[in-house]
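> what follows is a predicted protein model with its sequence.
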Amino acid sequence: MSTKIHATVDAQGNPTGVYLTPGQAHDLEGADVLLPDVKADTVIADKAQWERSCDLRQ
């Protein structure tokens with residue numbers, strides 16, 4: 001068994017959100033929960049977070 005820890009941070013690295021998923025879950029499960037609440041013009045994310053269906057410009 002394993003767990004993935006998804007997190008968002010501000011520009012200074014302070015945590016702004018945390019979400020746990022099972023280790024076998026796709027990375028977008030965490031992104032779908034955390035990213036809609038991000039109030040930023042730019043987001044820096046791991047490559048696994050990007051997919052055509054995950055458009056943050058909505």
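Looks like it came in fine. Residues are numbered from 1 along each chain as shown.
> count the neighbours of the closest residue to Met1 other than its chain neighbours for me.
Among residues not flanking Met1 along the chain, Gly23 sits closest, at 6.8 Å (Cβ to Cβ, 6 or more residues apart in numbering). Yep, even glycine has a C-beta here, placed from its N, CA and C like the rest. Neighbours of Gly23 under the rule other Cβ atoms under 10 Å: 8.
> wait, Gly23 sits on Lys4?
Yes. Gly23 lies in contact with Lys4 (Cβ atoms under 8 Å); the separation is 5.8 Å.
> how about the strands in this structure?
For the chain, the strands defined by DSSP state E cover 3-9, 15-22.
> could the ones you listed go into JSON lines alongside mean neighbour count?
Putting the strands of the chain into JSON lines (neighbours: other Cβ atoms under 10 Å) gives the following:
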{"stretch": "strand 3-9", "mean neighbour count": "14"}
{"stretch": "strand 15-22", "mean neighbour count": "13"}
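> now do the residue nearest the centre of the chain against Val9, distance only.
The residue lying closest to the centre of the chain (Cα atoms, centre = their mean) is Ala31, at 3.2 Å. To Val9, Ala31 is 14 Å away according to Cβ to Cβ, to the nearest Å.
> repeat that for Pro15.
Distance, Pro15 to Val9, by Cβ to Cβ: 6 Å.
> ok so, going back, out of the strands of the chain, which comes closest to Ala45?
Closest approach to Ala45 among the strands of the chain (Cβ to Cβ): strand 3-9, 9.5 Å.
> output the closest one as CSV - backbone C-alpha positions only.
Extracted in CSV, the C-alpha atoms of strand 3-9 (Å, rounded to 0.1, in the frame of the first residue of the first chain):
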residue,chain,number,x,y,z
THR,A,3,-0.2,7.0,-0.6
LYS,A,4,0.4,10.1,-2.8
ILE,A,5,0.6,13.5,-1.2
HIS,A,6,-0.6,16.3,-3.5
ALA,A,7,0.2,19.8,-2.3
THR,A,8,0.0,23.4,-3.4
VAL,A,9,2.3,26.1,-2.1
